[in-house]
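Undergrad: My questions concern the predicted model and sequence given below.
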Amino acid sequence: MVQTLTPRGTHKHLTRREFLAASATGSAVVLSCHPAAQPVASSSGYRPKEYGFWDYTTPGTGGMAGFEKPDYLRLLEDMSKAGMNSLCIYVKWLTTGYRSRLPFLDQLPDCPVIASDNKLLRDVIEEARQQKIKVWLGGAVTYFDVDKFGSRKPYASIETIGGAKLPIRVGVFDADTPELTERIVQIYEELLDLFPGAGGLVVELEGSGMEQPRRIPLYDRWARKNRQPLFKELGHPLNPRDFDVGPWREYTTYSRLKILRAVEQAVRSKGFQGDLAMICETGNTSYSAVQEVNLREYRKQFPNWKAVTYEYDKWNHRYAMMDLCIETPKREGLEVFYLPRGVMTWGSEWPLPISLEQSWRMDIEDFQTFRPHSIWWFGCGAIGVGAHVSMSRLRQSGYGDGEEARRALLKLASELRAA
């Protein structure tokens, strides 16, 4: 997942100097995880319903993307020992991480899952099943290879992200793009055909709510029907993930929920009885903390779907983000799967204002206070360099490799186990 598509200038992280000046415990904050670090104590009895990792097989991410079978087996062994029961594997990001027969999806040959013609991932799903670990499959389905998507033009394109160069030029498409819904449905239908062992599916529509000229008449038609102000009466530019423009959020939620309805009908018609979830994106800027989705409407139309929320920058609006990510969706009756920073070095600035260990500790404390229904740590290891995690950054953080970082995280969170 890409945390934001807004210009970098709208997101200001504290510099290390600013953070240390503001923190009475600054000298302790920036320490790397030490082998003698003690687990975070838990006295709350909190046990998440599902607990595990979230990672990507897609080229360019830098985590699971380079895993071969021995890497997966060691991951599953570590998870089993840690009392984990859930693993979300993203097979569609800005790139594609599985062998697809769909002509609009990229197929990069250096992806191990693609090279195995999907056997590697099927074997992992079966091994996870034997260890009582549920596997979800997810996709960010608003990003496509510009050269393969066809005649529809994206509103933006990406060639580098998180300091890493992408292997293809990626286009970003909004939820009202003609033919987008049909292609998203094809992806999830194909995933069910190829990987029948999947226990859940995650739909991500990041970037789908951006203002575009051709969306204005569509918005105005919706606004008249729903007694909302016309487009010309709204502030600009519109982005439901940045400053709060209620009617535009209502409309973009309406647009994305039409896609969910199509996906739900398609997968249920194929006999899929597993869980379904959507990422409910948040925006965390210098002066605001915003939820992109109208959660109440989402819960009303899709009462059985889960809400996936996330926050990786614990130094910025920590408790406001816990309210947006956990408390608010829970109040609306949604089941929350929370996605904190795991073995992940993503950040527009490096080094981060706080260490990975400090970030993990803060999240573990917040789990016990705010109690999300389920938890996936974002990032389970690293092989090579990518947008989400790189070996060089992990080594700068004090870890020899991705497995060492994963085991340091699991040691710190050793008192946290699935229900």
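TA: Yep, that arrived. Numbering: from 1, shown residues only.

Undergrad: any low-confidence regions in the stretch 201-350 of the chain?
TA: Residues of the stretch 201-350 of the chain meeting the criterion pLDDT under 70: 238, 240, 242-244.

Undergrad: how about the strands in it?
TA: 275-279, 282-284, 289-291, 306-311, 335-340 (DSSP state E, counting those that start in this stretch).

Undergrad: out of these, nearest to residue 143?
TA: Residue 143 sits nearest to strand 275-279 of all the strands of the stretch 201-350 of the chain, at 13.0 Å, using CB to CB. The C-beta positions use only the backbone N, C-alpha and C, and glycine is treated the same way.

Undergrad: quick revisit: in CSV: the strands of the stretch 201-350 of the chain, plus mean neighbour count and distance to residue 72.
TA: CSV is the format used below for these (neighbours: other CB atoms under 10 Å; distance: least, CB to CB, whole Å):
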stretch, mean neighbour count, distance to residue 72
strand 275-279, 21, 22
strand 282-284, 22, 30
strand 289-291, 20, 34
strand 306-311, 25, 22
strand 335-340, 24, 20
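
Undergrad: how about JSON lines for those, with distance to residue 97 added?
TA: Formatted as JSON lines, the strands of the stretch 201-350 of the chain follow (distance: least, CB to CB, whole Å):
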{"stretch": "strand 275-279", "distance to residue 97": "17"}
{"stretch": "strand 282-284", "distance to residue 97": "25"}
{"stretch": "strand 289-291", "distance to residue 97": "28"}
{"stretch": "strand 306-311", "distance to residue 97": "18"}
{"stretch": "strand 335-340", "distance to residue 97": "18"}
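
Undergrad: Just say helix, strand or coil for residue 198.
TA: Assigned by DSSP: H, G, I helix; E, B strand; the rest coil, the conformation of residue 198 is coil.

Undergrad: How many neighbouring residues does it have?
TA: Residue crowding around residue 198 was assessed by other CB atoms under 10 Å; the count is 21.

Undergrad: what's the single longest helix in this protein?
TA: The single longest helix within the chain, with elements called by DSSP state H, is helix 246-269.

Undergrad: got the angle for that helix vs strand 200-204?
TA: Relative orientation of helix 246-269 versus strand 200-204 (axes from the mean of the first three to the mean of the last three CA atoms, to 10 degrees): 150 degrees.

Undergrad: Please, where are all the helices along the stretch 151-300 of the chain?
TA: 180-194, 216-226, 246-269, 295-301 (DSSP state H, counting those that start in this stretch).

Undergrad: can you pull the pLDDT of residue 33?
TA: As predicted, residue 33 sits at a pLDDT of 42.

Undergrad: Ok, residue 113 next?
TA: 98.

Undergrad: So for residue 209, which of the helices of the stretch 151-300 of the chain sits nearest?
TA: In terms of CB to CB, the element of these nearest to residue 209 is helix 246-269, at 3.5 Å.

Undergrad: buried ones in that closest one?
TA: Using 16 or more other CB atoms under 10 Å as the test for burial, helix 246-269 gives 247-257, 259-260, 263-264, 266-267.

Undergrad: Give me the contacts around the longest helix of the chain.
TA: For helix 246-269, contacts defined as CB atoms under 8 Å, 6 or more residues apart in numbering pick out 174-176, 180-182, 184-185, 188-189, 192, 201, 203, 205, 208-209, 211, 218-219, 222-223, 226, 228-229, 234, 238, 240, 276, 278, 292-294, 297-298, 301-302, 305.
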